[in-house]
Every structure is written in structure tokens, then in C-alpha cells.
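Chemist: Please find the sequence and the predicted model below.
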Amino acid sequence: MDTYRKHFPECEAPAVCRSCEARHGGLCSVLTASQLTELNKHSMRRRIDSGNEVIGQGEQVGSYSNILKGVIKLSKMMADGRQQIVGLQFAPDFLGRPFLGESTITAEAATDTEICTFPRNIVDRMVGEVPDMERKLHAQSLKELDEARDWMLTLGRKTAQEKVASFLYLIATHIDPESEGTQTFDLPLSRADIADFLGLTIETVSRQMTKLRKDGIIVIENNRHVIVPKLDRLRDAAGVD
């Protein structure tokens, strides 16, 4: 039995939830007004400056989060200190793995970020009692698995230019959850981080960015601001089907 399901009209959902992006596209989108009210009692919004950790690899997990704004960089570190960026998360993604007591990755704010955090025990309990919540998390996990497979193809088979174009296309299509494809954005990663993410050198990343600019596929301003005149040209350069 769903112990959180009560008959309250949607208008009784907390005001802060009604205006939240995660309410419409993220984990909270499957919750009723009464379920949102229950979760909101335990939630807290946090602003995290770029470069600060949300959680470190090996740390105990005490809470989960919805990403409301910004980009989160996920990385793993080997025993000898070598580190690899393994993914990026955007609003309104859910950050965390229910029922996992220890974090297997480091999550760091790649840009100034805003998240909504919930105690782990509250979410773990609700996942067991609200079937739609469990299905939503399952759907996100499958989506991340598909994206990881696509990224394996990018790293293993694409040319340097296709890799850089794929990264830019990823940002353009994910950084603004209210748009199907953002035509302008600031790069959330440094050239060094982009190189790490793509398995390239910094010099190669810079050369390929310059080539994309000269070909008119992107416009770069102030070294970080990117304008995409035609998204389909960037998609073609990335080799995306």
C-alpha cells in the first residue's frame, strides 16, 4: 500500500515545488501533492560554487539530490591518484544511488550549481512505498546506461573532431532543460577537463575547437562562450544519428 498517497488537489503542492524544474521533468514529477509535501518537509536547497564537491568517492552517503541548475562533473580516482571524468549530470537529473551506503564516485560542481537535497533514509523508504518513484529511478538508470554505451562509441571509434563536436552537442542539448537544444552556452569544463573527458590532449581539443569555429559550425567568444548557429550542423559534425 502507498502510505504517502492521500487525496489532496495538485494546487496544495508546496509553492517551491510547483515552480521547480525537477517537479516537471525529474524524480519529483511522479509524486502527488501529498507526497511532495511529505518530501518537502525534509528537503533543503543548496547552492554550490563551481569547483566544490557535492560528495567525494568513498564517503558515506547521507543524502540524495535533484539538480535544479548547473552541471555536475562525475569522476573516479584510482589507488595511485590518477583520476578520470566519467560523466556529467544536468538538471533535472537525480544525483545518487538509492540503497548504496558509500559513494563510488566524486561529484563536483562544474559550474555554479543549485541542488535540492533529501535525507537518504526518507528517499529509500519512499522508493519502496511509491512504485512510480521506483520506476522513475529505474528509467533514469537505463537512460544513463544507454548514454554510457554511446560515450564508449565516441571514445573508441570517433575521430578527434567528432569527439569534440560530440562533447559540444552534449552540452548544447542538455544544459538547458527547458530547451530542446540551446544555441548558446558557456563551456562548463576547462580545456584540460574536456581533454580528460574525451581522452585527448589539451592541444588537440584546442585545434579541433578552432577548426569547428573556422568551419562556421560554432562561434567562440571570450574563450568560454559558445554559440551554435545551426544545431543540425553540429550534430552532423559529431556523427550523431
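Modeler: Yep, that arrived.

Chemist: pLDDT-wise, which helix or strand of the chain ranks last?
Modeler: Within the chain, confidence by mean pLDDT, DSSP states H and E is lowest for helix 21-25 among all helices and strands, at a mean of 69.

Chemist: Beyond that helix, next helix or strand please.
Modeler: Later in the chain than helix 21-25, the nearest helix or strand by DSSP states H and E is helix 33-40.

Chemist: shouldn't residue 166 be in contact with residue 236?
Modeler: No - using Cβ atoms under 8 Å, residue 166 is not in contact with residue 236, being 11.4 Å away. For the C-beta atoms, the positions are set from N, CA and C on the backbone; glycine is no exception.

Chemist: So for these two, which sits in the more crowded spot?
Modeler: More crowded of residue 166 and residue 236, by other Cβ atoms under 10 Å: residue 166, with 23 against 14.

Chemist: just the helices in this protein please.
Modeler: 15-18, 21-25, 33-40, 120-129, 131-157, 160-174, 191-198, 202-214, 231-238 (DSSP state H).

Chemist: how about these, which one is nearest residue 105?
Modeler: For residue 105, the closest of the helices of the chain is helix 131-157, at 11.9 Å, according to Cβ to Cβ.

Chemist: buried stuff in that closest one?
Modeler: For helix 131-157, burial by neighbour count (16 or more other Cβ atoms under 10 Å) applies to 133, 136-137, 151, 154.

Chemist: again with stretch 115-131
Modeler: Within stretch 115-131, the residues scored as buried using 16+ other Cβ under 10 Å are 115-118, 120, 122-124, 126-127, 130.

Chemist: quick revisit: can you flag the weakest of the helices of the chain by average pLDDT?
Modeler: Across those, helix 21-25 has the smallest mean pLDDT, namely a mean of 69.

Chemist: JSON lines for the helices of the chain, including distance to residue 83?
Modeler: Converted to JSON lines, the helices of the chain look like this (distance: least, Cβ to Cβ, whole Å):
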{"stretch": "helix 15-18", "distance to residue 83": "36"}
{"stretch": "helix 21-25", "distance to residue 83": "29"}
{"stretch": "helix 33-40", "distance to residue 83": "34"}
{"stretch": "helix 120-129", "distance to residue 83": "25"}
{"stretch": "helix 131-157", "distance to residue 83": "16"}
{"stretch": "helix 160-174", "distance to residue 83": "18"}
{"stretch": "helix 191-198", "distance to residue 83": "8"}
{"stretch": "helix 202-214", "distance to residue 83": "16"}
{"stretch": "helix 231-238", "distance to residue 83": "25"}
